[in-house]
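Q: Mind folding the following:
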Amino acid sequence: MLEILAILLCLGILASGVLAVRLNNLMAAMVSAGLSSLFASVCYVLLAAPDVAMAEASIGSGLSMLIFLYAIRKTSNAKE
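A: Next up is the predicted model:
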């Protein structure tokens, strides 16, 4: 059962990564990249690495996504 869940999470990581590359909207692509990082943190929990999962969730999914979304918002306002 654990293997099936890990495979599904890995497929979710791949799918959200492909979406992040293929989407034309920058905000949607950044959210998809953050979702990929969130899937990775859940996968780390399943692999019994909770410290790595907490770091990935807080830095990879949370902080970096907020910084990129802030930068996208600021640069899109500058164009208008």
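Q: residues near residue 47, how many?
A: 13 (other C-beta atoms under 10 Å). C-beta coordinates here come from the backbone N, C-alpha and C atoms, glycine included.
Q: so the residue nearest to the spatial centre of the chain is in which element?
A: Taking C-alpha atoms, centre = their mean as the criterion, residue 34 is the residue nearest the geometric centre of the chain, at 2.3 Å. Using DSSP states H and E, residue 34 sits in helix 26-46.
Q: And the contacts of that helix?
A: Contact partners of helix 26-46, identified using C-beta atoms under 8 Å, 6 or more residues apart in numbering, comprise 2, 5-6, 9-10, 12-13, 16-17, 19-21, 23, 50, 52-54, 56-57, 60-62, 64-65, 68-69, 72, 76.
Q: From residue 18, how far out is the residue nearest to the centre of the chain?
A: Per C-beta to C-beta, to the nearest Å, residue 34 is found 15 Å from residue 18.
Q: just residue 71 next, same as before
A: Distance, residue 71 to residue 18, using C-beta to C-beta: 23 Å.
Q: Please name the nearest non-neighbouring residue to residue 47.
A: residue 6 (7.4 Å; C-beta to C-beta, 6 or more residues apart in numbering).
Q: in the strand or helix carrying the one you found, what's buried?
A: Residue 6 is located in helix 2-22, with elements delineated by DSSP H and E. Within helix 2-22, the residues that count as buried by 16 or more other C-beta atoms under 10 Å are 9, 12, 13, 16, 17, 19, 20.
Q: That one to helix 26-46, inter-axis angle?
A: 160 degrees (axes from the mean of the first three to the mean of the last three C-alpha atoms, to 10 degrees).
Q: for helix 2-22, the distance to its chain's centre please.
A: Mean-position distance between helix 2-22 and its chain equals 10 Å (C-alpha atoms, centre = their mean, to the nearest Å).
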